[in-house]
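Colleague: mind folding the following:
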Amino acid sequence: MSAARSQIGLPYSWGGGGANGPSYGITPDTSIYGFDCSGLTEYAYARAGIRIGGTSRDQWWNNRNKQVDAGGLQPGDLVFWASGSSYTSIYHVALYIGGNQMIEAATSGTDVRVSSMRYGSDYYGALRPSA
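Modeller: Sure, this is the predicted structure:
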């Protein structure tokens, strides 16, 4: 979690970041140095020595057998949102930090930030890759 916390304030960059840290993104964010959601979570876990995959969908699929209930979230868990019932519709991932908060790279025009945890119809689930 400290790796993700150290990136707070860095810009969101679509396709930016990964296991080695922030990077320039892909169109339309080719001039923005930062992270997208899955780049941030990949970086945080890589710093802890755990490879989780590059995209939010890969991160879910690679760790799908390590699911945790929303009521049992612990700091470090990955939380996901999707537009449908299949993991292929996952569109966002963040890192739960406890206290009903998470660190996320939310969307273009924002910075990596601490946000309140969101549960809604698009909340897909959570994983604990270290388990």
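
Colleague: which helices and strands sit right next to whichever strand in the chain runs longest?
Modeller: Scanning the chain for the longest strand, with DSSP state E as the assignment, gives strand 90-98. Here strand 90-98 touches helix 2-5, helix 37-47, helix 56-62, strand 78-82, strand 101-104, going by 3 or more C-beta pairs under 8 Å, 6 or more residues apart in numbering; DSSP states H and E. Yep, even glycine has a C-beta here, placed from its N, CA and C like the rest.

Colleague: mean neighbour count and mean pLDDT added to those, as JSON lines?
Modeller: Shown next, in JSON lines, are the helices and strands packed on strand 90-98 (neighbours: other C-beta atoms under 10 Å; pLDDT from 0 to 100):
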{"stretch": "helix 2-5", "mean neighbour count": "16", "mean pLDDT": "96"}
{"stretch": "helix 37-47", "mean neighbour count": "25", "mean pLDDT": "98"}
{"stretch": "helix 56-62", "mean neighbour count": "19", "mean pLDDT": "98"}
{"stretch": "strand 78-82", "mean neighbour count": "22", "mean pLDDT": "98"}
{"stretch": "strand 101-104", "mean neighbour count": "21", "mean pLDDT": "98"}
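
Colleague: so which of those gets nearest residue 13?
Modeller: helix 37-47 (7.8 Å; C-beta to C-beta).

Colleague: what comes into contact with the closest one?
Modeller: 1-4, 7, 13, 15-23, 35, 51-56, 58-59, 78, 92-95, 103-106, 112, 129 (C-beta atoms under 8 Å, 6 or more residues apart in numbering).

Colleague: same check, this time on stretch 12-21
Modeller: Stretch 12-21 is contacted by residues 22-29, 32-36, 39-40, 42-43, 46, 51, 54, 105-112 when judged by C-beta under 8 Å, 6+ apart.

Colleague: may I have the distance across that stretch, first residue to last?
Modeller: 13 Å (C-alpha to C-alpha, to the nearest Å).

Colleague: quick one: low-confidence ranges for this structure?
Modeller: For the chain, the stretches with pLDDT under 70 are 131.

Colleague: for the longest strand of the chain, buried residues please.
Modeller: 90, 92, 93, 94, 95, 96, 97 (16 or more other C-beta atoms under 10 Å).
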